[in-house]
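# Take this sequence and fold it.
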Amino acid sequence: MAFKGNGINPKKFHKDQLKFYLFLIPFAIFMLLPILFIINHALKPLDELYAFPPRFFVDKPILDNFRNLFDLANTSGIPLSRYIFNSLLVTVAVVFLSVFISSLAGYVLSKKHFRGKHTIFEINNAALMFVPIAVTIPRFLTVSYLGIEDTYFAHILPLIAMPVGLFLIKQFIDQIPNSLIEAAVIDGASNFKIYWKIILPLIKPAIATASILAFQLVWNDLETSTLFTTSESMRTLAFFMNTLAADTNVVVGQGMAAAAALIMFIPNLILFIILQSKVMNTMSHSGLK
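Residues are numbered from 1 along each chain as shown. Now for the predicted structure:
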């Protein structure tokens, strides 16, 4: 079987693709159901939230859950915009720094030769086995020793190191021919120029994937707000959303919790939609040498 044009991934529809659509469309619909449920659940009035049997789609959509959520934040003394600002600031800083550091380290571990580089990479791989709770105490002791409690640094520093991001980017850089690096060196390019002009443009798919992983890690993080901050104004949106059920009436809080779940989910969905083509390229190239 051969497609016209681009053989593997044709830009236009071809009749030979019909069997793929017949197989993939049902799976796509099935994967779309949780997204539709989150959106519908956030728009349900209380009587539909507690309806039995439960309803998948909302009959009478309302925005009261979102209004109650914003009102609750305002009455607590800290506006919701403060939590959103904290989350955005911390998320942007962590994503940028973690990807920047991982890409630099990946370039050095992949293309440079020095004693102990394989040991360093194996240590990074060993870190993949540790669940977050296993490093909670070392993180707390580090933050306390540095004296950065209740600051933005307490949110950012513990999350910068991302072993899975370094592993992914390093493996992707391994596929870049050494001849490109050698040609740049002959032309007089510095190490940083090689990294900036050659390495980064060629590993955009891996960077996109690492960015999504870093974003999900920090956007949904509760640990830093719980352990490393004491003032409410320094806490993030994820922490505030997580406390809704405990701080509000159980019945009314369910509607606000549904709205909070949608607010926390939307940025993840938008980021994946924007970067999904790059992520697919990462997967398609992961087995090539």
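
# what about residue 220, how many neighbours?
Using other CB atoms under 10 Å, residue 220 is surrounded by 17 other residues. Quick note: C-beta positions are derived from backbone N, CA and C, even for glycine.

# I should have written residue 231 there, sorry.
The burial count for residue 231: 8, using other CB under 10 Å.

# same deal with residue 219?
Counted with other CB under 10 Å, the burial measure for residue 219 works out to 21 neighbours.

# Leaving aside the residues adjacent along the chain, what's closest to it?
Closest residue to residue 219 in three dimensions, ignoring its sequence neighbours and counting by CB to CB, 6 or more residues apart in numbering: residue 91, at 5.3 Å.

# what helix or strand does the one you found sit in?
helix 80-111 (DSSP states H and E).

# Next SSE downstream of that helix?
For helix 80-111, the following helix or strand on the C-terminal side (DSSP H and E) is helix 117-127.

# buried residues in that next one?
121, 124 (16 or more other CB atoms under 10 Å).

# Identify all contacting residues around that helix.
The set of residues that contact helix 117-127 without belonging to it, under CB atoms under 8 Å, 6 or more residues apart in numbering, is 108-109, 161, 163, 166-167, 170.

# can you pick the most crowded of these?
For those, the largest number of neighbours (other CB under 10 Å) sits with residue 166, at 25 neighbours.

# From what I see, it and residue 106 are in contact.
Yes: in this structure, residue 166 is within contact of residue 106 by CB atoms under 8 Å, at 5.8 Å.

# avg pLDDT for stretch 82-95?
Model confidence over stretch 82-95, given as mean pLDDT, is 92.

# do you know how far residue 140 is from residue 87?
Counting by CB to CB, to the nearest Å, the separation of residue 140 from residue 87 is 21 Å.

# Can you list the low-confidence ranges for this protein?
Counting by pLDDT under 70, the chain contains low-confidence ranges at 1-14, 245-253, 277-289.

# Mind listing what's buried along stretch 236-246?
Here stretch 236-246 shows 236-244 as buried, counting by 16+ other CB under 10 Å.

# Which residue of residue 140 and residue 87 possesses the greater neighbour count?
For residue 140 versus residue 87, neighbours defined as other CB under 10 Å are more numerous around residue 87 (25 against 16).

# Quick one: residues contacting the more buried one.
Contacts of residue 87 by CB under 8 Å, 6+ apart are 219, 236-238.

# Apply 10 Å and report the result again.
Neighbour list for residue 87: 155, 218-221, 225, 235-241, 264, 267 [criterion: CB atoms under 10 Å, 6 or more residues apart in numbering].

# sorry, back to before: now the common contact residues for residue 166 and residue 106.
Overlap of the contact sets of residue 166 and residue 106 (by CB under 10 Å, 6+ apart) consists of 121, 124, 210.

# Count the residues that sit near residue 83.
By the measure other CB under 10 Å, the count of residues near residue 83 is 22.

# before we move on, what about residue 269?
The burial metric for residue 269, expressed as a neighbour count using other CB under 10 Å, is 13.

# please begin residue numbering at 708 from this point
Got it, the first residue is 708 from now on, which makes the last one we talked about residue 976.

# my guess is it meets residue 743, correct?
No: the pair residue 976 / residue 743 is not scored as a contact, 11.8 Å apart, by CB atoms under 10 Å.

# rewinding a little: and the contacts of helix 824-834, which is closest to residue 841?
Relative to residue 841, the closest of those is residue 870; by CB to CB it sits at 12.8 Å.
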